[in-house]
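Undergrad: Here is the input, now give the coordinates:
(2 chains)
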Amino acid sequence: MSAHAGTTASSSAAAPLSWKPFAVLAIFLIIGPSLIYPVFLMKALCFALFACAFNILLGFTGLLSFGHAAFLGMASYVSAHAAKVWGLTPELAILFGTAIAMVLGLVIGMLTIRSRGIYFSNITLAFAQMVFFFCLQAKFTGGEDGIQSVARGRLFGLISLQSDMVMYAFVAVIFFLSFLLIYRIIHSPFGQVLRAVRENEARATSLGYKVEHYKLAAFVLSATLVGLAGAVKALVFQLASLTDVSWQMSGEVVLMTLLGGVGTIFGPAVGALVIVSMENYLAELGSWVTVIQGVIFVLCVMFFRRGIVGTLMDLWSKRNAH
Amino acid sequence: MIEIFGISSQALFGQLLIGLINGAFYAMLSLGLAVIFGMLNIINFCHGALYMIGAFVAWMLLNWLGIGYWWALLISPIITGALGVVIERLFLQRLRDLDHLYGLLLTFGLALILEGVFRQNFGASGLPYRIPPELTGGTNLGFMFLPNYRAWVIVLSLFVCLGTWFAIEYTRLGSYLRAATENPALVQAFGVNVSRMITLTYGFGVALAAIAGVLAAPIYQVSPLMGSNIIIVVFAVVVIGGMGSILGSIVTGFGLGIAEGLTKVFYPEASSTVIFVIMAIVLLIRPSGLFGKGA
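TA: Got it, this is the predicted structure:
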């Protein structure tokens, strides 16, 4: 999305690596469960990882995928199946689910990456829908029922994850490390090339970068991390269902990212937290939640294109400039 | 009973008819998307929701005001088209200078709002809409029984599609439209109000969706979810046909409907994925779609 190429986005890219946000994040992760119900917090973390991984593509490569639910849902089914039917230990089930998402990302990526802009969005959406129908009909996914009562099992065959607090610690560590990884990728030379592609693809090509390879790498990376989120989510809720692979989910992650701030590192996580809390606390409103989500979407697109974190960063840099 | 590959001709023709009917809706919806895409360069994500509203307007006209099918076929597209004009003026117009992805996101948000409002008020289950008395019953063609209403849907949708194609390719207004798609600034310089043309184009595309909605009301039930069920398939149709191609969207719409119907006869498990599989194959061979001019 070239329109995002605001001054803040590029200046933040040039800023040196900072450990401060991670210290804040670590403190939040540690004190979080004493303030908030851990299962809810785990849900928020899964969606935060989902949105941040999605943002590698939208925010830092400029590709709007409308089919990321395919990776979330597929990984969640595979890890649920591996844990429940094959009895794999949780870390192996998650790894397996993530690996399948990576393979799926590679296949869909190779088929879609040559298309641009709206074409790309449309085609990824159609592929995700293909995955949806596959999950609806395949034997191992349990159709409309999904895969239910998946045992969380024992981590490395030793530590039981049955207690929510132990599970939370596990999820928090995974989330923290993935987040660090995303941050590192964005601030690596590879991440710089991705941003160059976002800003001006033709120029990146003329500088000798194989743009398609970079885009494909970003796509696979994004799909893999989304898969990780999905695989963890299946174990947290002990459930894999069609919701995670539906196109509404693909839309929801776009909303989280847009609301939090496209092209900011922390934005999508903030957006995910807001949307998940909204769904949680407004659940009794029924269909109005969808309407509210739609309204937020429209408001973000019309007036608030930098998102929460983007706007805060703008305010911050303005204040520092004076 | 004649049998082809072990399948009775009755089943074959029955599924072909269903395929043709679905194809008629795919064609009308993807045509609307193509018209809008050509002019505004956005994928109208709320197209399915507007198709649903077209059907609901017909239902409301009948149940609240006692206005029947034939008038609804005229009034519903006008009302829904007017809603489209409002959407364009209120929102899309302000996004014209931005990345076109914002248009997609905005219409996605609108689709959520419209669907949510209708689901809140009418529930998720479908409401019945009677077939108009003039079109009840059917005709025995010898090899199969053809319900009159279904024949009407196919005939009218063909008429609408070909009429639109003719209007765009062979009339003065259509030539303005094509010129404005190529080079809006130049057409504006010739004294044509391009901005108004864009708004009306959007309204027209929406009206096409509404016509499809009214036609669909007696066949499928009128339900808040009817739009999102069909629109994703239509997106795939648009990708296969080549985005923005008018004739392409009509031909692919009908063609894929029939392909889907045939799959239901020979390999029912694949019937919901066949269109996406075709899409993947088409993308590998012709990335810009069957009728596209390059992405």
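Undergrad: residue of the stretch 151-295 of chain B with the smallest distance to chain A?
TA: Scanning the stretch 151-295 of chain B for proximity to chain A using Cβ to the nearest Cβ identifies B:Phe276 as nearest, at 3.6 Å. Any C-beta I mention is one placed from the backbone N, CA and C, and that applies to glycine too.
Undergrad: Around that residue, how many other residues sit close by?
TA: When counting by other Cβ atoms under 10 Å in any protein chain shown, one arrives at 24 neighbours for B:Phe276.
Undergrad: Any figure for the gap between it and B:Ala212?
TA: According to Cβ to Cβ, to the nearest Å, B:Phe276 and B:Ala212 sit 21 Å apart.
Undergrad: Can you show me the strands along the stretch 1-150 of chain B?
TA: Assigned by DSSP state E, counting those that start in this stretch, the strands in the stretch 1-150 of chain B fall at B:3-4, B:7-8, B:138-140, B:145-147.
Undergrad: before we move on, the earlier item: now for the residue of the stretch 151-295 of chain B closest to chain A: which residues touch it?
TA: By Cβ atoms under 8 Å, 6 or more residues apart in numbering or on different chains, B:Phe276 lies in contact with A:126-127, A:129-130, A:133, B:236.
Undergrad: now with 10 Å?
TA: Going by Cβ atoms under 10 Å, 6 or more residues apart in numbering or on different chains, B:Phe276 touches A:126-134, B:232-233, B:236, B:239-240, B:270.
Undergrad: Sort the residues you listed by pLDDT and name the bottom one.
TA: Ranked by pLDDT, the contacts of B:Phe276 bottom out at B:Ala270 (80).
Undergrad: Tell me the spatial nearest neighbour of it, not counting adjacent residues.
TA: Among residues not flanking B:Ala270 along the chain, B:Thr263 sits closest, at 5.5 Å (Cβ to Cβ, 6 or more residues apart in numbering or on different chains).
Undergrad: what's the answer for A:Gln162, then?
TA: Per Cβ to Cβ, 6+ apart, closest to A:Gln162 is A:Arg152, 5.8 Å.
Undergrad: For that neighbour, grab the count of nearby residues.
TA: A:Arg152 has 21 neighbours, counted by other Cβ under 10 Å.
Undergrad: For chain A, what's its nearest residue on chain B.
TA: B:Gly109 (2.8 Å).
Undergrad: So that residue sits against A:Leu259, correct?
TA: No. The pair B:Gly109 / A:Leu259 is not scored as a contact, 11.1 Å apart, by Cβ atoms under 10 Å.
Undergrad: Need the overlap of contacts for the two.
TA: Taking Cβ under 10 Å, 6+ apart as the contact rule, B:Gly109 and A:Leu259 both touch A:293, A:296-297, A:299-300.
Undergrad: Give the buried subset of those as a ChimeraX selection command.
TA: To isolate the buried ones among the shared contacts of B:Gly109 and A:Leu259 in ChimeraX, judged by 16 or more other Cβ atoms under 10 Å in any protein chain shown, type:
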select /A:293,296,297,300
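Undergrad: Among the shared contacts of B:Gly109 and A:Leu259, which ones lie close to chain B?
TA: Contacts with chain B within the shared contacts of B:Gly109 and A:Leu259, as defined by Cβ under 10 Å from any Cβ of the partner chain: A:293, A:296-297, A:299-300.
Undergrad: of these, closest to chain B?
TA: Using Cβ to the nearest Cβ, A:Phe297 comes nearest to chain B of those, at 2.8 Å.
Undergrad: For the closest one, identify the helix or strand it belongs to.
TA: Assigned by DSSP states H and E, A:Phe297 falls within helix A:288-303.
Undergrad: Quick check: buried residues in the next helix or strand after that helix?
TA: Remark: after helix A:288-303, the chain's next helix or strand is helix A:307-321, criterion DSSP H and E. Neighbour-count burial for helix A:307-321, counted by 16+ other Cβ under 10 Å, picks out A:307-313.
Undergrad: Please apply the same query to stretch B:222-233.
TA: If you call a residue buried by 16+ other Cβ under 10 Å, then stretch B:222-233 has these buried ones: B:222-228, B:230-233.
Undergrad: go on, stretch A:205-219?
TA: A:209, A:211, A:214-219.
Undergrad: which other residues reach stretch A:78-88?
TA: By Cβ under 10 Å, 6+ apart, the residues outside stretch A:78-88 that reach it are A:89-90, A:92-101, A:104, A:138, A:140-142, A:146-153, A:227-228, A:230-235, A:237-241.
Undergrad: how does it look with 6 Å?
TA: Residues outside stretch A:78-88 that contact it (Cβ atoms under 6 Å, 6 or more residues apart in numbering or on different chains): A:93-94, A:96-97, A:100, A:140, A:147, A:150, A:153, A:231, A:234, A:240.
Undergrad: Let's test this: mean pLDDT of that stretch, rounded?
TA: Mean per-residue pLDDT for stretch A:78-88: 86.
Undergrad: got any ranges where the chain has weak pLDDT?
TA: Reading this off chain A. Per-residue confidence for chain A (pLDDT under 70) gives these ranges: A:1-17, A:157, A:322.
Undergrad: meant chain B, my bad for not saying
TA: Across chain B, residues meeting the criterion (pLDDT under 70) sit at B:1-7, B:293-295.
Undergrad: all helices for it, in order.
TA: Assigned by DSSP state H, chain B shows helices spanning B:9-40, B:47-65, B:69-90, B:101-122, B:148-170, B:172-182, B:184-189, B:194-216, B:226-241, B:246-266, B:274-285.
Undergrad: and of these, who's closest to A:Leu194?
TA: Among the helices of chain B, helix B:101-122 comes nearest to A:Leu194, with 17.0 Å by Cβ to Cβ.
Undergrad: Quick one: residues contacting the residue nearest the centre of chain A.
TA: Closest to where the C-alpha atoms of chain A average out (Cα atoms, centre = their mean) is A:Phe50, at 1.8 Å. Going by Cβ under 6 Å, 6+ apart, A:Phe50 touches A:72, A:226, A:229, A:253.
Undergrad: Check which helix or strand it maps to.
TA: Assigned by DSSP H and E, A:Phe50 belongs to helix A:38-58.
Undergrad: Spell out, range by range, the strands that occur in chain A.
TA: A:154-155, A:159-160 (DSSP state E).
Undergrad: which residue packs closest to residue 225, ignoring adjacent ones?
TA: All of this refers to chain A. Leaving out its chain neighbours, the residue that sits closest to A:Leu225 by Cβ to Cβ, 6+ apart is A:Ala53, at 3.4 Å.
Undergrad: ah, I was thinking of chain B
TA: Once flanking residues are discounted, B:Leu225 sits nearest to B:Ala124: 6.1 Å by Cβ to Cβ, 6+ apart.
Undergrad: What of B:Ser30?
TA: The shortest distance from B:Ser30 to any non-neighbouring residue, by Cβ to Cβ, 6+ apart, is to B:Ser249 (4.0 Å).
Undergrad: could you check the distance from that neighbour over to B:Val35?
TA: Distance from B:Ser249 to B:Val35, counting by Cβ to Cβ: 9 Å.
Undergrad: who's more crowded, those two?
TA: More neighbours surround B:Ser249 than the other of B:Ser249 and B:Val35, with 33 against 23 (other Cβ under 10 Å).
Undergrad: Hmm, B:Asn44 and B:Phe108 touching each other?
TA: No. Look at B:Phe108 against B:Asn44 with Cβ atoms under 6 Å: they stay out of range, at 9.9 Å.
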